[in-house]
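>>> Just need the structure, nothing else, for what follows:
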Amino acid sequence: MENRASAENKDIVIEVSNVKKKFKSYQDKAASLKERFINPSRSRHENVMVLNGISFCVRRGEAIGLIGKNGCGKSTTLKLLTRILHPNEGEIKINGRISSLIELGAGFHPDMTGRENIYTNASIFGITKKEVEKRLNTIIRFSELEEFIDNPVRTYSSGMYMRLAFAVAINVDADVLLVDEILAVGDSAFQKKCFEKLKAIKENGTTIVIVSHSMEQMYKICDRLIWIENGLIRGEGIPRLIGEEYLAAMEGRRLDRIEYEDRLKKEDLERQIQAEMERLLKKPGEEEQQDTAKEQDIGKPALNILDDLQNKQQALLCNESLKNVCPFYRSGARRQTNYRLAFTNVTMCDENGSETNHWETGRQYTIKLAYKSVEDYENVRFVVGVTREDGIYCYGSYKEVKGVLAPQGILEFSFKNRLLKGKYVLDLWIEDFSGTPYDSIYSLAAIEVDTEPYIERGILTMEHEWKVC
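Numbers count the residues shown, from 1 in each chain. Below you'll find the model as predicted:
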């Protein structure tokens, strides 16, 4: 048992134990001793606890990802691991050489050539000149800057600069690699090359700690995700499970924020309408005439202002109601309706009847449209449309209901999805046969389409066959 425990301890490369880190936050920090003496209040500050006691271990060859909203302490954790910062409490143990992709290009001198900066930057990672000479050609080839390597780096574009810095940091044979939001280096081809290099490094036994907002990248390279929130670890485990839980929480917060902002807009509009009404109807000493003042004494410009405010309020109410219409409501949705004939519920289901806005090419889906009317309508048309995220209208279909429409009901639109991988939105209308709308909802729901295998391009798939002759 002791031998097994000893082996497990040797396998642990990073050990973070109850680490706390706080920073001083100044509202208006004095820039000099004179300013501090003249106005002591400018040196007042409060302590902000960024990390409030986090603990985790990383084993040799393991890749873990740190996720969380901006300001939660992800980058601070990486800087503690690199020893750029030191914890106020707790302990961090790391076994082996560390290479960090946090501040790419730190230590580069603009007047030195790319080749000279390779030697300088590599020395920061503890690489000797002799070791650099062995790896020099590999670094230059990886950066793809052979033609410019003997030019001063001040002549480099920002993309070239980052390429060179990445190439140096990735080729130092470190035991631990710390990566902070740098996988957007260069063009798409180079980004893919960097990502493949990281996977190869991991396969060779290097331990990786990575911070990124790209969940798909995290899923592909990480063995474990650690979700940091309010200075503590909220979740830890299988990447996709923790990632989906985190994204769901972020989406909930986004919708809560939208609801809060909409409520403020509504309250502001109500105040504007009330103030405008009071201004237009107020006639000192003639209170008995106030009821007829709006018709007799208010000019058209004033009435237009009031109508505009009321229209804005009505539009806001229409958009608020969409949250109750569709579970996949999109914050950018727009609605125009008088509610006398309108959609009351919209659901999208897969072939098993489960609600989803995640479609797969070639699978069967059903859109269920529930409506309600408060008066008799005849000859009504229900329209479904799908638009790609970039505004390209991809598909539309309608169903005409002749005669008097039932006061309420449900229409089902079933189809085989032929759209290819991409992001789309759902548009809906209810109109008469001449095209006059009763209820129009644009970009109601967000739809994400996946295609496996992704060997076709464009908007939709076509029945086809390849033959080698």
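
>>> how far is the longest helix seen in the chain from where the chain is centred?
Scanning the chain for the helix with the most residues, using DSSP state H, yields helix 239-281. In this view, helix 239-281 has its centroid 18 Å away from the chain centroid, taken as C-alpha atoms, centre = their mean, to the nearest Å.

>>> I'd like to know the average pLDDT value across that helix.
Mean per-residue pLDDT for helix 239-281: 76.

>>> Kindly report the same for stretch 462-469.
90.

>>> Skip the chain neighbours and tell me the closest residue to Arg240.
Distances taken as C-beta to C-beta, 6 or more residues apart in numbering put Tyr219 closest to Arg240, at 5.7 Å, once the chain neighbours are dropped. Just so you know, the C-beta spots here come from the backbone N, C-alpha and C atoms, and that holds for glycine as well.

>>> That neighbour belongs to a helix?
Yes: membership of Tyr219 in a helix is supported by DSSP: H, G, I helix; E, B strand; the rest coil.

>>> wait, what's in contact with it?
When contacts are counted by C-beta atoms under 8 Å, 6 or more residues apart in numbering, Tyr219 touches 239-240, 243.

>>> and of those, the nearest to Asn121?
Pro239 (31.5 Å; C-beta to C-beta).

>>> what's the neighbour count on the closest one?
Counted with other C-beta atoms under 10 Å, residues neighbouring Pro239 total 20.

>>> for the one 3 residues further on, same thing?
For Ile242, the tally of surrounding residues (other C-beta under 10 Å) stands at 22.

>>> Please identify the helix or strand for the spatially closest residue to Trp227 that is not a sequence neighbour.
Spatial nearest neighbour of Trp227, excluding adjacent residues (C-beta to C-beta, 6+ apart): Gly235 at 4.0 Å. Assessed by DSSP states H and E, Gly235 sits inside strand 232-237.

>>> Which strands or helices does that strand pack on?
strand 45-59, strand 224-229, helix 239-281 (3 or more C-beta pairs under 8 Å, 6 or more residues apart in numbering; DSSP states H and E).

>>> So which elements touch the longest one?
I take that to be helix 239-281. strand 63-67, helix 215-221, strand 224-229, strand 232-237, helix 290-296, helix 300-325.

>>> quick one: which of the ones you listed has the weakest pLDDT on average?
Among the helices and strands packed on helix 239-281, helix 290-296 scores lowest, with a mean of 47.

>>> what about the nearest residue to Ile170 once chain neighbours are set aside, how many neighbours?
Leaving aside its sequence neighbours, Ile170 sits nearest to Lys197 (C-beta to C-beta, 6+ apart; 5.7 Å). Neighbourhood size, Lys197 [other C-beta under 10 Å]: 15.

>>> Lys197 and Lys22, how far apart?
36 Å (C-beta to C-beta, to the nearest Å).

>>> List the buried residues in stretch 443-463.
Going by neighbour count (16 or more other C-beta atoms under 10 Å), the buried part of stretch 443-463 is 443-447, 449, 451.

>>> can you tell me which of those residues lies nearest to Gly126?
Thr451 (46.3 Å).

>>> Would you check that that closest one makes contact with Thr461?
Yes: using C-beta atoms under 8 Å, Thr451 is in contact with Thr461, at 7.4 Å.

>>> what is in contact with the two at once?
361, 420.

>>> Closest to Thr361 out of the contacts of Tyr219?
Among the contacts of Tyr219, and counting by C-beta to C-beta, the member closest to Thr361 is Arg240, at 21.3 Å.

>>> How many residues are close by that closest one?
Neighbours around Arg240, by other C-beta under 10 Å: 13.

>>> ditto for Lys134
Neighbours of Lys134 using other C-beta under 10 Å come to 10.

>>> likewise Lys416?
If we define neighbours as other C-beta under 10 Å, then Lys416 has 10 of them.

>>> OK, contacts around the residue nearest to it when sequence neighbours are not counted?
Excluding the flanking residues, the one nearest Lys416 by C-beta to C-beta, 6+ apart is Gln364, at 5.5 Å. Gln364 makes contact with 350-351, 414-417, according to C-beta under 8 Å, 6+ apart.

>>> Would it be right to say that the residue nearest to Ile170 lies in a helix?
Yes: looking at Lys197 with three-state DSSP, it is inside a helix.

>>> That one against Phe142, yeah?
Yes: using C-beta under 8 Å, Lys197 is in contact with Phe142, at 7.5 Å.

>>> Need the residues touching each of these two.
With C-beta under 8 Å, 6+ apart, Lys197 and Phe142 have common neighbours Ile170.

>>> could you pull out the helices for the protein?
2-11, 33-38, 74-82, 114-124, 129-143, 158-170, 188-203, 215-221, 239-281, 290-296, 300-325.

>>> Include distance to Glu378 when you put the ones you listed into JSON lines, please.
Shown next, in JSON lines, are the helices of the chain (distance: least, C-beta to C-beta, whole Å):
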{"stretch": "helix 2-11", "distance to Glu378": "76"}
{"stretch": "helix 33-38", "distance to Glu378": "78"}
{"stretch": "helix 74-82", "distance to Glu378": "60"}
{"stretch": "helix 114-124", "distance to Glu378": "76"}
{"stretch": "helix 129-143", "distance to Glu378": "71"}
{"stretch": "helix 158-170", "distance to Glu378": "62"}
{"stretch": "helix 188-203", "distance to Glu378": "55"}
{"stretch": "helix 215-221", "distance to Glu378": "50"}
{"stretch": "helix 239-281", "distance to Glu378": "35"}
{"stretch": "helix 290-296", "distance to Glu378": "36"}
{"stretch": "helix 300-325", "distance to Glu378": "24"}
